[in-house]
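Peer 1: the following block contains a protein sequence and its predicted model.
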Amino acid sequence: MFTASHHAAWRHVLSLSRLREGENVIVLGAQAGRNQYKSIAVQVARELGGEPAYLEVENPNRLPKSAIPALRSADLLIDLSHAHDPLIRQLGQDGVRTLTVLEPPEILERMLPQQSDKARVDSAQKCIKAARKMRVTSAAGTDFEVALGELKGNSQYGFADDPGHWDQWPGAFVTTYSNDGSAQGQVVIDEGDILFPQKEYVRSPIKLLIEDGYIKAIEGGVDAKLLKATLESYNNPEVFAVSHLGWGLSRNCRWDALSYYNKQDVEGQDGRGFYGNFLFSTGPNLSGGGSRRAPLHLDIPLMGCSTFLDGVPMVVDGVVIPEDQRV
Ligand SMILES: [Fe+2]
């Protein structure tokens, strides 16, 4: 049973997601998942005039044929399972809006998205689209450069309003993918920066030496050794590739949030969306329109970085600079 304020939060986010009278809504859960929002998602979708149904599958990363007609019928998919089946991307191409919801209730409410978040994220994505070079530096030693323009980026702002848009409540940030093979330099993951999916704060700096789009060496103490062991365990060079890059624009994120939860109870949108972070990542580039598959994807938000597009500052020492991206 959820509080009235939590119920109001669902109404707010499904309204921002433009849930209209008569729309088909599929709420997707996984058999082994907690699916804690299945009732409230269905209830609020019905209150707003939608035609909701709850669908639970054994493995959301391999959706069964029997589930496909229902999923294809959706106007809005509310995904409580974080499905990674390729069908989800296909549904997006066919216009289905997807809203993923995983975080605990108090994080959903604290980071409640607003319409204005979309405008700020759109402004940032416009800058990315126009740029041909991204450079990132930090006092910890990051000095890293990539070429842009061949692949597309993704925007998240916490609701799924436009046809085909995939989003997650909560979190506002922009990403893009570098031109294949263009990433050069070093990224220093400093003390207190975060590794996902490990959901761990780094305790000793990790230096990533990057050449021609791939991590070529990993230097540092125990955290560097653990990261190296993880990447090497896949015996697949593509896990060392640079994946999406961008910066956080969420209001009301808490960098320390992860330290208060058991790992299975939290997803980590506080870190990914943290206002003024640099979000570095490794592995695939499929969702940018590239062809690289990889069996592992790491998201690594870094604090206190400076990010420049064609020399124009977007973030300086963790502070968002352009007026139309600022809170
Ligand atoms: Fe990612």
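Peer 2: Good, I have the coordinates.
Peer 1: now E219: how far from the ion?
Peer 2: As for E219, its distance to the ion is 24 Å (criterion: C-beta to the ion, to the nearest Å). Where you see a C-beta, it was placed from the backbone N, CA and C, and this is true even at glycine.
Peer 1: you'd agree that residue is in a strand?
Peer 2: Yes - per DSSP: H, G, I helix; E, B strand; the rest coil, E219 lies within a strand segment.
Peer 1: what about it, how many residues nearby?
Peer 2: 14 (other C-beta atoms under 10 Å).
Peer 1: that one contacts K207, correct?
Peer 2: Yes - using C-beta atoms under 8 Å, E219 is in contact with K207, at 4.3 Å.
Peer 1: what's near enough to touch A30?
Peer 2: A30 sits next to 56-60, 80-81, 83 when contact means C-beta atoms under 8 Å, 6 or more residues apart in numbering.
Peer 1: same question, E21
Peer 2: E21 neighbours (C-beta under 8 Å, 6+ apart): 48-50.
Peer 1: just the buried ones from the residues you listed, in PyMOL syntax?
Peer 2: In PyMOL, a selection of the buried entries from the contacts of E21 looks like this (16 or more other C-beta atoms under 10 Å):
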select buried, resi 48+50
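Peer 1: against K199, how distant is the nearest residue to T282 once chain neighbours are set aside?
Peer 2: Leaving aside its sequence neighbours, T282 sits nearest to L298 (C-beta to C-beta, 6 or more residues apart in numbering; 4.6 Å). Computed as C-beta to C-beta, to the nearest Å, the L298 to K199 distance reads 11 Å.
Peer 1: now, the contacts of A30 that are in strands?
Peer 2: Among those, the ones falling in strands (DSSP state E) are 56-57.
Peer 1: just to revisit the earlier point, does the residue nearest to T282 really touch F196, like I thought?
Peer 2: Yes - contact criterion C-beta under 8 Å: L298 and F196 qualify, at 6.5 Å.
Peer 1: follow-up on the earlier one: in CSV, list the contacts of E21 along with distance to the ion and secondary structure.
Peer 2: What follows is the contacts of E21, written out as CSV (distance: C-beta to the ion, whole Å; DSSP: H, G, I helix; E, B strand; the rest coil):
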residue, distance to the ion, secondary structure
L48, 30, coil
G49, 34, coil
G50, 29, coil
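Peer 1: so which other helices or strands are in contact with the helix or strand hosting T100?
Peer 2: Here T100 sits within strand 97-101, counting by DSSP states H and E. The contact analysis (3 or more C-beta pairs under 8 Å, 6 or more residues apart in numbering; DSSP states H and E) places strand 97-101 against strand 76-79, helix 86-93, strand 166-169.
Peer 1: so what touches the longest one?
Peer 2: With C-beta under 8 Å, 6+ apart as the contact definition, helix 86-93 has outside contacts at 63, 68, 71-72, 74, 77, 79, 98, 164-166, 286-287.
Peer 1: repeat for stretch 105-121
Peer 2: Applying C-beta under 8 Å, 6+ apart, the contact partners of stretch 105-121 are 2-3, 5-6, 9, 12-13, 16, 36, 101, 103, 155-159, 161, 169-174, 249-254, 257, 266, 269-270, 273, 324-327.
Peer 1: okay, and which of those residues map to helices?
Peer 2: Judged by DSSP state H, the subset of those located in helices is 5-6, 9, 12-13, 16, 269-270.
Peer 1: what's the closest of the residues you listed to the ion?
Peer 2: When the ones in helices among the contacts of stretch 105-121 are compared for distance to the ion (C-beta to the ion), Q269 wins out at 11.3 Å.
Peer 1: residue contacts, that closest one?
Peer 2: With contact set as C-beta under 8 Å, 6+ apart, Q269 has these partners: 103, 107, 111, 168, 170-171, 250, 253.
Peer 1: and the one helix or strand L195 maps to, which strands flank it?
Peer 2: Taking DSSP H and E as the definition, L195 sits inside strand 194-195. Strand 194-195 has its sheet partners listed here by DSSP bridges as strand 200-201 (antiparallel).
Peer 1: which SSE is G33 in?
Peer 2: Per DSSP H and E, there is no helix or strand for G33.
Peer 1: what of V187?
Peer 2: Going by DSSP H and E, V187 is in strand 184-189.
Peer 1: tell me what that strand is packed against?
Peer 2: strand 143-147, strand 206-211, strand 298-302.
Peer 1: need the winner for burial among the ones you listed.
Peer 2: Among the helices and strands packed on strand 184-189, the stretch with the highest mean neighbour count (mean count of other C-beta atoms under 10 Å) is strand 298-302, at a mean of 23.
Peer 1: ok, back up a step: out of the helices and strands packed on strand 97-101, which is closest to the ion?
Peer 2: Among those, strand 166-169 comes nearest to the ion, with 10.7 Å by C-beta to the ion.
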